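Colleague: Sequence below, structure please.
(2 chains)
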Protein chains: 2
Amino acid sequence: MPLIRSVFQDELDSVSQTLFELSVMVSDSMAKATNALMSKNLSLAEEVITFDEKIDTVQHDLDGRIIDIIARQQPVASDLRALVTALRMSADLERMGDLAHHVAKVVRLRHPAAAVPDQLMSLIESMGVAAEKIAAKTGVVISTRDTTLAAQVEKDDDEMDLLHRQLISVLIAPTWEHGVETAIDLTLLGRYYERYADHAVSVARRVIFLVTGKFA
Amino acid sequence: MPLIRSVFQDELDSVSQTLFELSVMVSDSMAKATNALMSKNLSLAEEVITFDEKIDTVQHDLDGRIIDIIARQQPVASDLRALVTALRMSADLERMGDLAHHVAKVVRLRHPAAAVPDQLMSLIESMGVAAEKIAAKTGVVISTRDTTLAAQVEKDDDEMDLLHRQLISVLIAPTWEHGVETAIDLTLLGRYYERYADHAVSVARRVIFLVTGKFA
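Modeller: The predicted structure follows:
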């Protein structure tokens, strides 16, 4: 016999499903932006820039749906908390999309030149890989509400912070030979990846809060 | 005879009042952070860093109150929209506090040296003045719901963007003689001021949305 489920529960599940889809979208976006950065691929960068509008639309529609559910169902306590938290997660995910967009815009600004000197390709690629990994894990956390996995997202963020510090140490080393403009680009790129991971951590913490009622 | 007002209306007004207070707090915070940056004043920087916890607490309590109002009053339509928008404004304001905190942390990191070379003092001071002005105006917009004034916040942000571009042009000029590390600090400081103004614009736009039902 199938479980009897309420319309409201179905609506909450559908919100989670869209949050998961947003996490996939922003993960793809950052993967493509990093790829565009590595390969100086302008059309791929343009794709990320255009796709950000799609992410914004999905987020905007989701927020409308969440507010509509609150208005119709008038939830209290944990259900209301889940819906308000979903609004916050959608804002974090939308911002992650913006940050992928920012990375892509650096590619476009410097094209046909490379924004990243050969010396830093592998480090920036590692930041891209870390960003993808953290976004993918955050998607699973949204779907499964697995708080152990959510706690791992923090560890992944530590890895990103380490890469970020390595990046800055290369930029400020006396051996840096690519000039100030490239250092500025790399400073901003580093910040975009770091903030992207911060927002993923924020989403994971919100899931922990939903499940346990406590802030991580 | 006094106007008869509902408890609910009083609660909405009290939310607006706290949002206004938050705007004053983050405006003061950024003013102090800029002052600390100009005067290499470590204790003022520490004050901003400590005060950020106070801002976070006020924001956290406000969010709790807003959710409690939604749960008890079960508002629909424009009242619910106003409360959800208040949650978003409080998030923007809290982030403005974080950015003032970030500026103060640069002061602390470089102390007793100056983070900002003399050559750039006046430009960074102008960014600080622009940030204060935009935050103060945003506070008035929150209190008065004046959409004309809200539209002016966008103009103030254009001014900030212009200052930001001037800053980058100084950093990348062949005459730049303060090295890469200082350029990185200035890149990040510039980004903090710029994002601070962006969040103020976001608050002003949300007020326009509340009043007109349309996104600016």
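Colleague: Quick check: residues of chain A near chain B?
Modeller: When proximity is defined by C-beta under 8 Å from any C-beta of the partner chain, chain A lies next to chain B at A:67, A:70-71, A:74-77, A:80-81, A:84, A:87-88, A:91, A:168, A:171-172, A:176, A:180-181, A:183-184, A:187-188, A:191. For the C-beta atoms, the positions are set from N, CA and C on the backbone; glycine is no exception.
Colleague: Around the closest residue to A:Lys133 other than its chain neighbours, how many other residues sit close by?
Modeller: Using C-beta to C-beta, 6 or more residues apart in numbering or on different chains and skipping residues adjacent in sequence, the residue nearest A:Lys133 is A:Asp156, 6.0 Å away. If you count neighbours by other C-beta atoms under 10 Å in any protein chain shown, A:Asp156 ends up with 21.
Colleague: for A:Ala150, same thing?
Modeller: For A:Ala150, the neighbour count with other C-beta under 10 Å is 27.
Colleague: List the contacts of it.
Modeller: Contact analysis of A:Ala150 by C-beta atoms under 8 Å, 6 or more residues apart in numbering or on different chains lists A:Val141, A:Ala204, A:Arg205, A:Val207, A:Ile208, A:Ala216.
Colleague: before we move on, what about A:Leu163?
Modeller: With contact taken as C-beta under 8 Å, 6+ apart, A:Leu163 is in contact with A:Leu123, A:Ser126, A:Met127, A:Ala130, A:Tyr193.
Colleague: Please flag which of the residues you listed sit within helices.
Modeller: A:Leu123, A:Ser126, A:Met127, A:Ala130, A:Tyr193 (DSSP state H).
Colleague: Tell me how many other residues surround the residue nearest to the third one when sequence neighbours are not counted.
Modeller: The reference is to A:Met127. In space, and not counting its chain neighbours, A:Met127 is closest to A:Tyr193: 4.3 Å by C-beta to C-beta, 6+ apart. Counted by other C-beta under 10 Å, the residues lying close to A:Tyr193 total 27.
Colleague: Relative to B:Ile172, how far out is A:Tyr193?
Modeller: According to C-beta to C-beta, to the nearest Å, A:Tyr193 stands 22 Å off from B:Ile172.
Colleague: before we move on, what about A:Leu163?
Modeller: 25 Å.
Colleague: so who does the residue positioned nearest the centre of chain A touch?
Modeller: Per C-alpha atoms, centre = their mean, the C-alpha nearest to the average position across chain A is that of A:Met96, at 3.6 Å. Shown in contact with A:Met96 (C-beta under 8 Å, 6+ apart): A:Val26, A:Ser29, A:Met30, A:Ala135, A:Tyr196, A:His199, A:Ala200.
Colleague: How much space separates the nearest residue to the fifth one once chain neighbours are set aside from chain B?
Modeller: This means A:Tyr196. Once flanking residues are discounted, A:Tyr196 sits nearest to A:Leu99: 4.4 Å by C-beta to C-beta, 6+ apart. According to C-beta to the nearest C-beta, to the nearest Å, A:Leu99 stands 12 Å off from chain B.
Colleague: now A:Ser169
Modeller: From A:Ser169 across to chain B, the span is 10 Å (C-beta to the nearest C-beta).
Colleague: check which helix or strand covers that residue.
Modeller: helix A:147-172 (DSSP states H and E).
Colleague: so how far is that helix off the chain centroid?
Modeller: Distance of helix A:147-172 from the chain centroid (C-alpha atoms, centre = their mean, to the nearest Å) equals 14 Å.
Colleague: in that helix, what counts as buried?
Modeller: A:147, A:150, A:152-154, A:156-157, A:159-160, A:163-164, A:167-168, A:170-171 (16 or more other C-beta atoms under 10 Å in any protein chain shown).
Colleague: Closest one of those to chain B?
Modeller: Of all the buried residues of helix A:147-172, A:Leu171 has the smallest distance to chain B: 5.8 Å, by C-beta to the nearest C-beta.
Colleague: May I have the residues that are in contact with A:Asp185?
Modeller: Neighbouring residues of A:Asp185 by C-beta under 8 Å, 6+ apart: A:Val106, A:Arg110, A:Ala115, A:Val116.
Colleague: ok, 10 Å please
Modeller: The contact partners of A:Asp185, taken as C-beta atoms under 10 Å, 6 or more residues apart in numbering or on different chains, are A:Val106, A:Leu109, A:Arg110, A:Ala114, A:Ala115, A:Val116, A:Pro117, A:His178, B:Thr187.
Colleague: what residue ranges in chain A score low on pLDDT?
Modeller: A:1-5, A:215-216 (pLDDT under 70).
Colleague: Show me the helices in it, by range?
Modeller: A:7-39, A:42-73, A:77-110, A:118-144, A:147-172, A:179-212.
Colleague: Widest-spaced pair of the contacts of A:Asp185?
Modeller: The span of these, defined through C-beta to C-beta, is set by A:Ala114 and B:Thr187 at 19.0 Å.
Colleague: neighbour count winner among those two?
Modeller: Between A:Ala114 and B:Thr187, counted using other C-beta under 10 Å, B:Thr187 has the larger neighbour count: 22 against 17.
Colleague: can you tell me which residues contact that one?
Modeller: A:Val180, A:Ala183, A:Ile184, A:Asp185, A:Leu186, A:Thr187, A:Leu188, A:Arg191, B:Leu167, B:Ile168, B:Leu171, B:Val180 are the contacts of B:Thr187 under C-beta under 10 Å, 6+ apart.
Colleague: Pick out whichever of these sits closest to A:Ser43.
Modeller: Minimum distance to A:Ser43 across those is 20.2 Å, recorded for A:Asp185 (C-beta to C-beta).
Colleague: Fine by me, thanks again.
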